[in-house]
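K.L.:
The sequence and its predicted three-dimensional model are supplied below.
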Amino acid sequence: MTTPAPRISSPSLLAVSRGIADVRDELVAKWSKWVAGRQDGGTGPDEEAMIRMLGIVCDLLVVMAGPLRREARDTWFAATEMYGRLAALRGLTAAEVVEELHRLRELLVLELADFFVALPARQQLPTFLRFNKVLDSAVTNAVVGYTDALVTRMFGHEGVPVPTADSIQEAVTALDGLEAEVRTLSGKSPR
(Lines give C-alpha, C1' and ligand atoms only; values in the text may rest on other atoms or scores of the structure.)
Protein backbone atom coordinates (compact mmCIF):
# COMPACT_ATOMS: atom_id res chain seq x y z
CA MET A 1 0.00 0.00 0.00
CA THR A 2 1.36 3.41 -0.88
CA THR A 3 1.47 6.21 1.61
CA PRO A 4 -0.67 9.17 0.57
CA ALA A 5 1.24 12.32 -0.22
CA PRO A 6 0.97 15.04 2.41
CA ARG A 7 -1.96 17.28 1.70
CA ILE A 8 -1.48 21.02 1.58
CA SER A 9 -3.15 22.58 4.58
CA SER A 10 -4.68 26.00 4.62
CA PRO A 11 -2.75 28.60 6.60
CA SER A 12 -5.66 28.82 9.02
CA LEU A 13 -5.50 25.10 9.84
CA LEU A 14 -1.75 25.32 10.28
CA ALA A 15 -2.27 28.22 12.70
CA VAL A 16 -4.75 26.12 14.68
CA SER A 17 -2.29 23.20 14.62
CA ARG A 18 0.50 25.41 15.98
CA GLY A 19 -1.91 26.83 18.53
CA ILE A 20 -2.79 23.36 19.81
CA ALA A 21 0.90 22.45 19.95
CA ASP A 22 1.64 25.63 21.94
CA VAL A 23 -1.01 24.90 24.60
CA ARG A 24 -0.66 21.11 24.57
CA ASP A 25 0.82 20.71 28.07
CA GLU A 26 -1.66 23.11 29.65
CA LEU A 27 -4.50 21.43 27.79
CA VAL A 28 -3.48 17.96 28.97
CA ALA A 29 -3.10 19.23 32.54
CA LYS A 30 -6.57 20.84 32.60
CA TRP A 31 -8.24 17.91 30.87
CA SER A 32 -6.56 15.30 33.09
CA LYS A 33 -7.48 17.24 36.24
CA TRP A 34 -11.11 17.32 35.10
CA VAL A 35 -11.08 13.61 34.18
CA ALA A 36 -9.40 12.65 37.49
CA GLY A 37 -12.03 14.63 39.40
CA ARG A 38 -14.70 12.37 37.95
CA GLN A 39 -13.02 9.11 38.93
CA ASP A 40 -14.27 7.23 41.95
CA GLY A 41 -10.94 5.50 42.58
CA GLY A 42 -12.23 2.20 41.21
CA THR A 43 -10.65 -0.16 38.76
CA GLY A 44 -9.04 0.86 35.53
CA PRO A 45 -5.77 2.31 34.35
CA ASP A 46 -3.79 4.50 36.72
CA GLU A 47 -3.52 8.27 36.49
CA GLU A 48 -0.20 8.12 34.61
CA ALA A 49 -1.71 5.94 31.88
CA MET A 50 -4.65 8.31 31.53
CA ILE A 51 -2.36 11.32 31.22
CA ARG A 52 -0.43 9.46 28.50
CA MET A 53 -3.68 8.74 26.66
CA LEU A 54 -4.83 12.36 26.89
CA GLY A 55 -1.43 13.49 25.63
CA ILE A 56 -1.67 11.14 22.65
CA VAL A 57 -5.07 12.56 21.71
CA CYS A 58 -3.79 16.15 21.96
CA ASP A 59 -0.62 15.35 19.97
CA LEU A 60 -2.71 13.73 17.25
CA LEU A 61 -5.00 16.77 17.09
CA VAL A 62 -1.93 18.79 16.10
CA VAL A 63 -1.18 16.36 13.27
CA MET A 64 -4.83 16.05 12.20
CA ALA A 65 -4.96 19.80 11.52
CA GLY A 66 -1.82 19.69 9.38
CA PRO A 67 -0.70 18.30 6.04
CA LEU A 68 -0.30 14.73 7.35
CA ARG A 69 -3.94 14.36 8.38
CA ARG A 70 -4.63 11.58 5.84
CA GLU A 71 -1.53 9.71 6.94
CA ALA A 72 -2.51 10.14 10.60
CA ARG A 73 -6.14 9.10 10.15
CA ASP A 74 -5.60 5.43 11.08
CA THR A 75 -3.59 6.37 14.15
CA TRP A 76 -6.28 8.89 15.12
CA PHE A 77 -8.96 6.22 14.83
CA ALA A 78 -6.87 3.74 16.85
CA ALA A 79 -6.12 6.30 19.57
CA THR A 80 -9.70 7.47 19.97
CA GLU A 81 -10.96 3.87 20.00
CA MET A 82 -8.36 3.15 22.70
CA TYR A 83 -9.75 6.12 24.64
CA GLY A 84 -13.15 4.42 24.55
CA ARG A 85 -11.68 1.07 25.63
CA LEU A 86 -9.94 2.75 28.55
CA ALA A 87 -13.23 4.42 29.49
CA ALA A 88 -14.89 1.00 29.60
CA LEU A 89 -12.09 -0.26 31.85
CA ARG A 90 -12.64 2.78 34.07
CA GLY A 91 -16.30 1.83 34.46
CA LEU A 92 -17.74 4.85 32.64
CA THR A 93 -20.99 4.91 30.74
CA ALA A 94 -21.08 5.73 27.02
CA ALA A 95 -22.52 9.16 27.85
CA GLU A 96 -19.57 9.87 30.14
CA VAL A 97 -17.13 9.01 27.34
CA VAL A 98 -18.89 11.52 25.10
CA GLU A 99 -18.90 14.09 27.89
CA GLU A 100 -15.14 13.73 28.44
CA LEU A 101 -14.41 14.36 24.76
CA HIS A 102 -16.80 17.29 24.70
CA ARG A 103 -14.84 18.68 27.64
CA LEU A 104 -11.73 18.52 25.43
CA ARG A 105 -13.64 20.46 22.77
CA GLU A 106 -14.62 23.11 25.33
CA LEU A 107 -11.06 23.45 26.56
CA LEU A 108 -9.74 23.74 23.01
CA VAL A 109 -12.28 26.39 22.07
CA LEU A 110 -11.37 28.39 25.17
CA GLU A 111 -7.64 28.04 24.51
CA LEU A 112 -7.87 28.74 20.77
CA ALA A 113 -10.57 31.42 20.74
CA ASP A 114 -8.01 34.11 19.93
CA PHE A 115 -6.74 32.06 16.96
CA PHE A 116 -10.22 31.68 15.51
CA VAL A 117 -11.10 35.35 16.03
CA ALA A 118 -7.79 36.49 14.47
CA LEU A 119 -8.49 34.58 11.25
CA PRO A 120 -9.92 36.45 8.28
CA ALA A 121 -13.72 36.39 8.49
CA ARG A 122 -14.16 34.07 5.52
CA GLN A 123 -11.80 31.48 7.06
CA GLN A 124 -13.21 31.44 10.59
CA LEU A 125 -16.26 29.24 10.05
CA PRO A 126 -14.66 26.71 7.65
CA THR A 127 -11.66 26.31 9.95
CA PHE A 128 -13.86 25.92 13.02
CA LEU A 129 -16.06 23.36 11.25
CA ARG A 130 -13.03 21.35 10.07
CA PHE A 131 -11.66 21.38 13.60
CA ASN A 132 -15.02 20.19 14.96
CA LYS A 133 -15.24 17.44 12.34
CA VAL A 134 -12.01 15.97 13.68
CA LEU A 135 -13.35 16.10 17.25
CA ASP A 136 -16.68 14.58 16.16
CA SER A 137 -14.79 11.62 14.70
CA ALA A 138 -13.03 11.23 18.07
CA VAL A 139 -16.38 10.98 19.85
CA THR A 140 -17.68 8.42 17.36
CA ASN A 141 -14.56 6.27 17.51
CA ALA A 142 -14.38 6.43 21.30
CA VAL A 143 -17.95 5.13 21.55
CA VAL A 144 -17.09 2.33 19.09
CA GLY A 145 -14.04 1.39 21.17
CA TYR A 146 -16.11 1.57 24.36
CA THR A 147 -18.80 -0.69 22.93
CA ASP A 148 -16.27 -3.17 21.53
CA ALA A 149 -14.57 -3.39 24.92
CA LEU A 150 -17.85 -4.06 26.72
CA VAL A 151 -18.93 -6.74 24.26
CA THR A 152 -15.52 -8.43 24.39
CA ARG A 153 -15.50 -8.45 28.18
CA MET A 154 -19.07 -9.73 28.40
CA PHE A 155 -18.37 -12.64 26.09
CA GLY A 156 -14.95 -13.30 27.58
CA HIS A 157 -16.17 -13.36 31.17
CA GLU A 158 -19.49 -15.16 30.89
CA GLY A 159 -21.58 -12.01 30.71
CA VAL A 160 -19.91 -10.23 33.61
CA PRO A 161 -18.24 -7.00 32.43
CA VAL A 162 -15.53 -6.75 35.08
CA PRO A 163 -12.10 -5.43 34.09
CA THR A 164 -9.22 -7.75 34.84
CA ALA A 165 -5.61 -6.87 35.58
CA ASP A 166 -4.68 -8.43 32.23
CA SER A 167 -7.12 -6.27 30.26
CA ILE A 168 -5.86 -3.12 31.98
CA GLN A 169 -2.20 -4.03 31.39
CA GLU A 170 -2.95 -4.88 27.75
CA ALA A 171 -4.55 -1.45 27.24
CA VAL A 172 -1.67 0.36 28.92
CA THR A 173 0.83 -1.56 26.78
CA ALA A 174 -1.07 -0.51 23.65
CA LEU A 175 -0.33 3.11 24.61
CA ASP A 176 3.36 2.46 23.87
CA GLY A 177 2.57 1.62 20.24
CA LEU A 178 0.33 4.65 19.86
CA GLU A 179 2.98 6.94 21.32
CA ALA A 180 5.54 5.57 18.87
CA GLU A 181 3.20 6.24 15.93
CA VAL A 182 2.55 9.78 17.18
CA ARG A 183 6.29 10.45 17.47
CA THR A 184 6.79 9.25 13.89
CA LEU A 185 3.96 11.45 12.59
CA SER A 186 5.11 14.45 14.61
CA GLY A 187 8.62 14.03 13.26
CA LYS A 188 7.32 14.20 9.69
CA SER A 189 4.96 17.11 10.31
CA PRO A 190 6.24 20.57 9.35
CA ARG A 191 5.85 23.29 11.95
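P.N.:
Yep, it's here.

K.L.:
make it CA atoms for all contacts and neighbour counts henceforth
P.N.:
OK.

K.L.:
Just the buried residues of stretch 117-133, please?
P.N.:
119, 123, 127, 131 (16 or more other Cα atoms under 10 Å).

K.L.:
Give me the number of neighbouring residues for residue 184.
P.N.:
Residues lying near residue 184 (other Cα atoms under 10 Å) number 12.

K.L.:
Check residue 85 too.
P.N.:
For residue 85, the count of nearby residues is 25 (other Cα under 10 Å).

K.L.:
From the buried residues of stretch 117-133, which land in helices?
P.N.:
The helices, defined by DSSP state H, take in 123, 127, 131 from these.

K.L.:
What is the nearest of these to residue 66?
P.N.:
Among those, residue 131 lies closest to residue 66 (Cα to Cα), at 10.8 Å.

K.L.:
Can you tell me which helices and strands the one helix or strand residue 177 maps to packs against?
P.N.:
Residue 177 belongs to helix 165-188 when elements are defined using DSSP states H and E. Packing contacts for helix 165-188, counted by 3 or more Cα pairs under 8 Å, 6 or more residues apart in numbering; DSSP states H and E, involve helix 47-64, helix 69-89.

K.L.:
Please work out the average pLDDT along that helix.
P.N.:
Here helix 165-188 scores 81 as its mean pLDDT.

K.L.:
Just tell me which of the helices and strands packed on helix 165-188 ends up closest to residue 106.
P.N.:
Nearest of the helices and strands packed on helix 165-188 to residue 106, taken as Cα to Cα: helix 47-64 at 13.3 Å.

K.L.:
What residues sit buried inside stretch 143-156?
P.N.:
In stretch 143-156, counting by 16+ other Cα under 10 Å, buried: 143-150, 153.

K.L.:
quick one: contacts for the closest residue to residue 175 other than its chain neighbours?
P.N.:
In space, residue 175 comes closest to residue 53 once its chain neighbours are excluded; the distance is 6.9 Å by Cα to Cα, 6 or more residues apart in numbering. Contacts for residue 53 were tallied using Cα atoms under 8 Å, 6 or more residues apart in numbering; they are 79, 83, 175.

K.L.:
Return the distance of residue 53 relative to residue 19.
P.N.:
Using Cα to Cα, to the nearest Å, residue 53 is found at 20 Å from residue 19.

K.L.:
Over to residue 29?
P.N.:
Residue 29 sits 16 Å away from residue 19, taking Cα to Cα as the criterion.

K.L.:
Read off the pLDDT value for residue 115.
P.N.:
Looking at residue 115, the pLDDT reads 83.

K.L.:
I'd assumed residue 13 was in contact with it.
P.N.:
No. The pair residue 115 / residue 13 is not scored as a contact, 10.0 Å apart, by Cα atoms under 8 Å.
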